[in-house]
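>>> predicted model follows, preceded by the sequence.
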Amino acid sequence: QVQLVESGGGLVQAGDSLRLSCVASGMGFPENIGSFVLMGWYRQAPGKQRELVATFVGGGATNLADSVKGRFFLSRDNARNAWDLQMHSLKPEDTGVYYCIAQVTPRDSPVWGQGTQVTVSS
């Protein structure tokens, strides 16, 4: 059973940067995230639905929400079984709980992390 653990959230001011990390475990040797069909980040602001922020899909293509293009960058480290979300020029509207997500194969249901709070003050 794959498990995801996020880290790196916090309280920052508008214009600041923050880096979130998600580490996957439970895949069993020698599997690693290189075989995952989906991994990335979603977020949920208070009173709003959960929305996509950035994901790697399939062969490595990246999907980014229009609202974060040019500010957020997604990277992965297969050796660490981890992927990071580097966030720059943060805005108050980026505030929310950020969840990492992974889907191992097309037949599996997505797995979610527990979420990490990001608060951007104006």
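Nice, thanks for sending it over. Numbers count the residues shown, from 1 in each chain.

>>> any idea how many residues pack against the closest residue to Val118 other than its chain neighbours?
Sequence neighbours aside, Gly9 is the residue nearest to Val118 in space, at 4.9 Å (criterion: CB to CB, 6 or more residues apart in numbering). The C-beta positions use only the backbone N, C-alpha and C, and glycine is treated the same way. Gly9 has 17 neighbours, counted by other CB atoms under 10 Å.

>>> thinking Gly9 is in contact with Tyr98, fair?
Yes. Using CB atoms under 8 Å, Gly9 makes contact with Tyr98 at a distance of 6.4 Å.

>>> need the residues touching each of those two.
Leu20, Thr116, Gln117, Val118 (CB atoms under 8 Å, 6 or more residues apart in numbering).

>>> pairing partners for the lowest-mean-pLDDT helix or strand in the chain, with directions?
Across the helices and strands of the chain, mean pLDDT, DSSP states H and E gives its lowest value to strand 61-64, namely a mean of 92. Here strand 61-64 has these sheet partners by DSSP bridges: strand 51-57 (antiparallel).

>>> residues touching the partner strand, excluding its own?
With CB under 8 Å, 6+ apart, strand 51-57 has contacts from 36-44, 62-65, 68, 72-74, 76, 83, 85, 98, 101.

>>> pull out the buried residues from the residues you listed.
36-43, 64, 68, 72-74, 76, 83, 85, 98, 101 (16 or more other CB atoms under 10 Å).

>>> could you measure from Asn78 over to Ile101?
Distance of Asn78 to Ile101, computed by CB to CB, to the nearest Å: 17 Å.

>>> name the SS class of Ala102, please.
Secondary structure for Ala102, judged by DSSP: H, G, I helix; E, B strand; the rest coil, is strand.
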